[in-house]
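[1] whatever this is, show me its structure:
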Amino acid sequence: MQAVPGEFLEIDRKNRANQPFHDLTLRPPEERVCDFNDVVIEFDEERAKIEASRCIHCPDPAPCMVACPTHNDIPSAMWHIEHGNFKNAAEIYHITSSLPDICGRVCPHEALCQGSCVLNKDHQPVLTGQLEVFALDWERTHEPYKLVKAEATGKKIAVIGAGPAGMSCAHILLTKGHDVTIFDSKPAVGGLMVYGIPNFKLPKETVFANWQDLLDGGCKFEGNTYIGEDKTVDDLFEEGFDAVFLGVGTGIDAKMEIPGEDLPGVYEATDFLIRGNVVKENLPKSNLQPLEIGRRVAVIGGGDTASDCLRTAIRLGAEEVTCLYRRTEKEMPGGKKDRQMAKDEGAKYKFLTQPVRFLAGDDGKLASIECIEMKLGEPDAKGRRKPVPVEGSNFSIAVDIAVKALGYWPDPIIGKTTKDLETHSWGLISVTDRQTYKTSRPGVFAGGDDVTGPDLVVTAMVAGRKAALAIDDYLIGLEKSQK
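    Okay, here's the model as predicted:
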């Protein structure tokens, strides 16, 4: 439903589109590299109203709504923000999203809602993501959101994984009146949002504030519990849980399979980001040892995780931080915005470069990386030009540490320890469809990266919500069958 009268919009659209555009205000690079605080300076009320007033309120369905994985009613939210009804705007986001203030910060808006804004054709798009952040932060400060629960059903659900899929699944299940316990292998909730995404992109307090909403709604948490090892899915059913949701993500770092990969000073991205961004009391036992950064850091890879590692290394005091990538910048999968921020903060990029060996110094620790130059050959099956080694072009780069940011694989342990649970592709969990997220095991549902492979926070959140509704239907059917 549109938020404003159509007659007014027919008159006003041109003037709205022609209003001056002011981009996001970022803290200066020389200032922000000294801490892990948020890089973006949030809108104040007047700035938010002005930016929201640039929305021309396209006829339904608005392109921004279609492009948003949650299908947030963005035009209505813009109208409310423009007119100072910030609580109303926040409530609109709550209808379709379980983590709106998080998605507003970490979604690649330029590829989703903002990228689909029709103003892109001749103007600059409305800054929809930052306006979402503004509305939700205003709400939390002035009129905090409260989770409303239905009458208790007496049904117990175990949610495995405290990331975006698990937290969102728990959120919907709590509103349905179910008893929910989240299990996670880490000491704290958040999954990738806490143990992967750096504070300068997503402040930890934002994640923990969302967790407090679930706690206030009666959610329980059992950390340091590795399902598949400490206890199994079958154990959970024996303990009295009526259904199980699997939202464990894909947390196994991809290997390079080259000599010297196990040398001291060669880090996997997850380990590096956890040690570099998480406070000691929330660190897993395996990540307690402090990082040894040194002066020169190389990050291998081209995705958003690589950008996160580059920017983290700079904040930890490295003087020379270089990204090594085997294709050109054109083929890089990571977001341009984060990459530009990394460049502004001092990161360097060395393209068409493939590490082939990690070399130790006299002390047995990493001292250099042997690389080979690459050139682009014919496109592969996905249309990306394949990198081809240039024979005889080997050279070395002196480094103190290297971080491998090469992507992630699923953890196969749940598939191996859960009877009748079908998996594929090295451990991804098979589901019947992307609406119910039912697995081959009755009463077991799955969603997020452990189903799709590595994807966005918002897509995992949507999967968790859909699975929760399917779980609710399953429990209703189960109760009927038992009468």
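
[2] could you pull up the mean pLDDT of the longest strand seen in the chain?
    Longest strand in the chain, counting residues (DSSP state E): strand 366-379. Mean pLDDT, strand 366-379: 96.

[3] gap between that strand and the chain center?
    On the basis of C-alpha atoms, centre = their mean, to the nearest Å, strand 366-379 is displaced by 29 Å from the centre of the chain it belongs to.

[4] packing partners for it?
    Helices and strands touching strand 366-379, by 3 or more C-beta pairs under 8 Å, 6 or more residues apart in numbering; DSSP states H and E, are strand 353-360, strand 385-389, strand 395-398, strand 401-404. (Glycine included, C-beta is placed from N, CA and C.)

[5] just those: most buried one?
    Neighbour counts (mean count of other C-beta atoms under 10 Å) averaged over each of the helices and strands packed on strand 366-379 peak at strand 401-404, with a mean of 26.

[6] which strands or helices does it pack on?
    strand 266-268, helix 269-277, strand 296-300, strand 366-379.

[7] just the strands in the stretch 51-200 of the chain please.
    Applying DSSP state E, counting those that start in this stretch to the stretch 51-200 of the chain gives strands spanning 156-160, 179-183.

[8] would you mark the buried spots in the first one?
    This points to strand 156-160. Using 16 or more other C-beta atoms under 10 Å as the test for burial, strand 156-160 gives 156-160.

[9] and those residues, which two are the farthest apart?
    K156 and I160 (13.6 Å; C-beta to C-beta).

[10] what comes into contact with the helix or strand that contains E30?
    Assessed by DSSP states H and E, E30 sits inside helix 29-32. Outside of helix 29-32, the residues within contact range by C-beta atoms under 8 Å, 6 or more residues apart in numbering are 26, 39, 200, 341, 344-346.

[11] which of those residues fall in strands?
    Using DSSP E, the members of those that fall within strands are L26.

[12] now stretch 438-455 - C-alpha only, PDB.
    Extracted in PDB, the C-alpha atoms of stretch 438-455 (Å, rounded to 0.1, in the frame of the first residue of the first chain):
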ATOM      1  CA  LYS A 438      12.200 -28.900   5.400                       C
ATOM      2  CA  THR A 439      15.000 -31.500   5.300                       C
ATOM      3  CA  SER A 440      14.800 -35.200   4.700                       C
ATOM      4  CA  ARG A 441      14.500 -35.800   8.400                       C
ATOM      5  CA  PRO A 442      11.000 -35.200   9.800                       C
ATOM      6  CA  GLY A 443      10.900 -32.300  12.400                       C
ATOM      7  CA  VAL A 444      14.300 -31.000  11.200                       C
ATOM      8  CA  PHE A 445      14.500 -27.700   9.200                       C
ATOM      9  CA  ALA A 446      17.500 -25.800   7.800                       C
ATOM     10  CA  GLY A 447      18.200 -22.400   6.400                       C
ATOM     11  CA  GLY A 448      20.900 -19.900   5.600                       C
ATOM     12  CA  ASP A 449      24.400 -20.500   4.400                       C
ATOM     13  CA  ASP A 450      24.300 -24.100   5.500                       C
ATOM     14  CA  VAL A 451      21.700 -24.600   2.700                       C
ATOM     15  CA  THR A 452      22.700 -22.100   0.100                       C
ATOM     16  CA  GLY A 453      26.500 -21.800   0.600                       C
ATOM     17  CA  PRO A 454      28.000 -18.400   1.600                       C
ATOM     18  CA  ASP A 455      25.500 -15.600   1.000                       C
END
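
[13] picking up where we left off before, dump the strands of the stretch 51-200 of the chain to CSV, plus distance to E331 and mean pLDDT.
    As requested, the strands of the stretch 51-200 of the chain are exported to CSV (distance: least, C-beta to C-beta, whole Å; pLDDT from 0 to 100):
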stretch, distance to E331, mean pLDDT
strand 156-160, 35, 98
strand 179-183, 38, 98
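
[14] distance to I102 for the ones you listed - can I get that in CSV?
    Below are the strands of the stretch 51-200 of the chain laid out as CSV (distance: least, C-beta to C-beta, whole Å):
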stretch, distance to I102
strand 156-160, 17
strand 179-183, 16
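
[15] for A89, find the nearest of these.
    Proximity to A89 (C-beta to C-beta) singles out strand 179-183 among the strands of the stretch 51-200 of the chain, at 28.0 Å.

[16] nearest spatial neighbour of H109, chain-adjacent residues omitted?
    Take H109 and drop its neighbours on the chain: the residue closest to it by C-beta to C-beta, 6 or more residues apart in numbering is G129, 3.8 Å away.

[17] next one: T423
    Using C-beta to C-beta, 6+ apart, the closest residue to T423 is G415 (3.6 Å).

[18] so who does that neighbour touch?
    421, 423, 427, 429.

[19] roughly how far apart are the residue nearest to H109 and L112?
    9 Å (C-beta to C-beta, to the nearest Å).

[20] closest to S368 out of the strands of the stretch 51-200 of the chain?
    S368 lies closest to strand 156-160 among the strands of the stretch 51-200 of the chain, at 41.8 Å (C-beta to C-beta).

[21] quick check: domain ranges of this protein?
    6-142, 156-251+410-482, 254-408 (automatic domain parsing).

[22] so of those, which one's packed in deepest?
    By mean count of other C-beta under 10 Å, the domains of the chain have domain 156-251+410-482 as the most buried, with a mean of 21.

[23] next, format the buried residues of strand 156-160 as a markdown table and append distance to E268.
    A markdown table is the format used below for the buried residues of strand 156-160 (distance: C-beta to C-beta, whole Å):
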| residue | distance to E268 |
| --- | --- |
| K156 | 36 |
| I157 | 32 |
| A158 | 29 |
| V159 | 26 |
| I160 | 23 |
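
[24] I appreciate the help and will end here.
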